[in-house]
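# quick one, what's the 3D model for this:
(one chain, ligands or ions: 2)
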Amino acid sequence: MHLNDSLAARMLPMALVTLSLALLPASLTSEAQAGPPAPLQDPAGLPKLKTEVAYPNLKFDRPVALAYPEDGSNLLFVAEQHKATVVSFPDERDATDLQEFLKLPDPINKDNEEGLLGLTFHPKYKQNGEFFVYYSAKDPEGRRSVVSRFKVSRDDPRKADPASEQRIWISAKDPASNHNGGCIAFGPDGFLYISLGDGGAADDAIFTTGQNPKDWFGSILRIDVDHPADGKPYGIPGDNPRLRDTKFADWAPEVYCIGLRNVWKFTFDRENGMLWAGDVGQNQWEMVHIIQNGGNYGWNIWEANHKFGPGRKTKVDPASPISKPIAEYPHGVDPRYNPDRKDVGQSITGGYVYRGKALPPLAGVYVYGDYQTGRIWGVRARDGQAVEAGELIDVGKQKVLNIAAFGEDHAGEILILAFDGRIHKLVPAGN
Ligand SMILES: [Ca+2]
Ligand SMILES: [Ca+2]
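Ligands and ions are numbered 1, 2, ... in the order given. Next comes the predicted model:
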């Protein structure tokens, strides 16, 4: 599921032309740095794009998640991180009808990576009115992450019923305010997926959880919210690792995969159901993974394709060998990036595989970005391997967006939620 050495060897020297540094495995990085500058602004096969404001009349406060129900309405819903509200509006360029749908009834923590972080609608929302949120609860018991089920009100589709809250999943106590993951989404299997980071601080030192499958931290979890079992508000899908193979006997039943540092965003490809995750690295590398049931993505032994020093004594979980990312990018300054903006990035924001209609050359490309620098990249996978990759927009030519999240509208067009309070979209760059 990653760019292996044999593929890279076959593609060199073309790799330097068609693949960005972001795709080169560690063994080739030094070679690449010795070669000619890679045209990272002009990757073959990918379109040149720019961003523009998608809904000029609407502003949001720290928008961090966008979702909508399959109920025949044309509404989009946005989670505002620190206001702890979900707002909705009609998906029309000139929309002005922005309404509060939900205000979280319980107090939340509001550090940089805390708040209302995740939002998703039940696949049968039209029938059952259920939706789910992920938030950083400020409980008397201490700091922890919560996934709650709410219902829409009986008499107004634009209002949720705050009294309907049912907490269905609560993390263990979490001493640090960062690395909480916070993304939730239903897979094509109808199960709810939850990302939870390594707890926080540096080096995975608090919980040493990356390679420990017995706890929930450092993982994506998968639960069945429709079939509570064993005294819990949810059931365990029968093909979760723990239940499907005795080699996963040590894994917590909810754990779907391990070895992740902090998956702030993951999404499912609406065409083929593949699960893509942007995993935030520590001080040097950011990475994109294609996630598999039972997968191990290496933290804290690896940071993307690079051995991570503080994790050198960590043992790989014996049930699952480490998979490498399909794409990575470095922190700091890289001279091969365009002359106006050489800083690459510091914090990945995972996006979506494009399945819209407005940008045909982008079809099938996974689009992701960096919160700090506003760069936006694309990677196209074939048979689980990267075949095209590079930057999609020229950040030297436009305002830098602090990209908190990507979204996907009803038609599959990609939206960008930025901390300028706007939702942006991708359009052709023109000449
Ligand atoms: Ca934390
Ligand atoms: Ca763990």
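# and residue 165, how many residues sit next to it?
The tally of other residues near residue 165 (other Cβ atoms under 10 Å) stands at 18. Just so you know, the C-beta spots here come from the backbone N, C-alpha and C atoms, and that holds for glycine as well.
# elements contacting the helix or strand harbouring it?
Counting by DSSP states H and E, the element that carries residue 165 is strand 160-170. With contacts defined as 3 or more Cβ pairs under 8 Å, 6 or more residues apart in numbering; DSSP states H and E, strand 160-170 has these neighbours: strand 99-103, strand 130-139, strand 142-152, strand 219-223.
# from the chain's centre, how far out does stretch 398-409 sit?
Chain-centre distance of stretch 398-409: 13 Å, with Cα atoms, centre = their mean, to the nearest Å.
# please renumber the chain so that the first residue is 184 from this point on.
OK, 184 is where the count begins now, so the last one is stretch 581-592.
# ok, and what's touching it?
Applying Cβ atoms under 8 Å, 6 or more residues apart in numbering, the external contacts of stretch 581-592 come out as 233-234, 245-251, 259, 261, 264, 274, 448, 450, 453, 532-535, 538-539, 550-557, 559, 597-603, 606-607.
# how about the residues of the stretch 334-483 of the chain near ligand 2?
Residues of the stretch 334-483 of the chain lying close to ligand 2 (Cβ under 5 Å from the ion) are 392, 395, 398, 400, 401.
# so where's the stretch 384-533 of the chain uncertain?
519-523 (pLDDT under 70).
# how about the helices in it?
424-427 (DSSP state H, counting those that start in this stretch).
# that one: strands as residue ranges?
Taking DSSP state E, counting those that start in this stretch as the criterion, the stretch 384-533 of the chain carries its strands at 402-406, 438-440, 446-451, 458-462, 468-474, 485-486, 489-490, 510-513, 531-536.
# kindly report the same for the stretch 184-333 of the chain.
All strands of the stretch 184-333 of the chain, identified by DSSP E, counting those that start in this stretch, fall at 232-236, 246-250, 258-263, 268-273, 282-286, 299-304, 313-322, 325-335.
# tell me which of these lies nearest to residue 375.
strand 313-322 (6.6 Å; Cβ to Cβ).
# hmm, that closest one touching ligand 1?
No: figure legend: strand 313-322 not in contact with ligand 1 (Cβ under 5 Å from the ion); closest approach 8.2 Å.
# in its sheet, which strands sit next to the host helix or strand of residue 572, and in what direction?
Assigned by DSSP H and E, residue 572 belongs to strand 568-574. Partners of strand 568-574 in the sheet, by DSSP bridges, are strand 559-565 (antiparallel).
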